[in-house]
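Curious how this folds, go ahead:
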Amino acid sequence: MPPFLVPASGLSPEPWPNGRGVTRTIHRVSRPDGSQDWSLSLADLREPAPFSHLPGLDRIFTIVEGQGVILSFADGEIDCPPLV
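As a prediction, this is how the structure comes out:
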């Protein structure tokens with residue numbers, strides 16, 4: 001089976017509410033009530049920003065391009081290098 005490729009250039013940017021980045025949704029699945037079940041997306045981080053609160057959703061955060069980021073929490077930090 002050939003790989004499934006989705007060119008990022010063909011995805012529409014969705015600005016974050018805080019204006020500090022954009023998300024490009026690759027695929028989204030909704031529940032029967034219309035709430036989000038899961039999604040796969042690419043985000044462009046423009047500057048340091050707090051994570052948006054998305055109640056009921058867990059996140060898997062992977063840097064796919066660039067030098068990586070550091071996520072800061074009240075009790076410490078997590079270094080997020082690319083592709084880890």
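
Against Asp75, how distant is the residue nearest the centre of the chain?
Nearest to the mean C-alpha position of the chain, counting by C-alpha atoms, centre = their mean, stands Ala43 at 4.7 Å. Distance, Ala43 to Asp75, by C-beta to C-beta, to the nearest Å: 24 Å. C-beta here means a position set from N, CA and C on the backbone, and glycine is covered the same way.

Equivalent analysis for His53, please.
His53 is 18 Å from Asp75, by C-beta to C-beta.

cool, and Asp33?
Taken as C-beta to C-beta, the span from Asp33 to Asp75 is 35 Å.

Repeat that for Val84.
Distance, Val84 to Asp75, by C-beta to C-beta: 21 Å.

how would you label Ser9: helix, strand or coil?
For Ser9, the secondary structure call by DSSP: H, G, I helix; E, B strand; the rest coil comes out as helix.

Just the pLDDT at it, thanks.
If you check Ser9, the pLDDT there is 84.

next one: Asp79
So Asp79 comes in at 93 (pLDDT).

Next up, phi/psi of it, please.
phi -80, psi 130 (degrees, to the nearest 10).

Bridged to it, which residues?
Assessed by DSSP bridges, Asp79 has beta-bridge partners Ile70.

Could you double-check that it lies in contact with Gln67?
No. At 10.9 Å, Asp79 does not count as touching Gln67 under the criterion of C-beta atoms under 8 Å.

Does Pro15 touch Val22 like I think?
Yes. Judged on C-beta under 8 Å, Pro15 makes contact with Val22 at a distance of 5.4 Å.
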